[in-house]
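*Asks:* Provided below are the primary sequence and the corresponding predicted coordinates.
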Amino acid sequence: MSTILIVEARFYPHLNDMLLEGARNAIEVAGHKHETITVPGALELPAAISLAAKSDASAPSSLWVS
C-alpha cells in the first residue's frame, strides 16, 4: 500500500473540490492512503512536491498533482 500525495493550488474552489473528491475516491478504491497539501498558486507546486519528497522516510512514495 502506498501513500499518495495530492498537491493542489486552489484557483477555482468548486472545481478543486470535485477533482479532489474523485482523486481521493480512486486512491482509496485502489487500496492506498492519501495526504493533501494546498499551496497558494501553481508556481508553488514544484517546491511543495520537492520539499515533500525530501522531507523524511515517511514521505509519500508517490506524488499526484491536481
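*Replies:* Received it, and whenever you're ready, just let me know what you need.
*Asks:* any idea what sits nearest H32, other than its immediate chain neighbours?
*Replies:* S2 (4.9 Å; CB to CB, 6 or more residues apart in numbering). C-beta here means a position set from N, CA and C on the backbone, and glycine is covered the same way.
*Asks:* separation between that neighbour and G22?
*Replies:* Distance, S2 to G22, using CB to CB, to the nearest Å: 18 Å.
*Asks:* do T36 as well
*Replies:* 13 Å.
*Asks:* And these two? Which one has more around it.
*Replies:* T36 (14 against 11; other CB atoms under 10 Å).
*Asks:* buried sites along the lengthiest helix in the chain?
*Replies:* Determined from DSSP state H, the single longest helix within the chain is helix 13-29. The neighbour-count check on helix 13-29 (16 or more other CB atoms under 10 Å) flags 20, 23, 27 as buried.
*Asks:* Just send these back as JSON lines, with pLDDT and distance to V7 too.
*Replies:* Below are the buried residues of helix 13-29 laid out as JSON lines (pLDDT from 0 to 100; distance: CB to CB, whole Å):
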{"residue": "L20", "pLDDT": "94", "distance to V7": "11"}
{"residue": "A23", "pLDDT": "93", "distance to V7": "11"}
{"residue": "I27", "pLDDT": "94", "distance to V7": "14"}
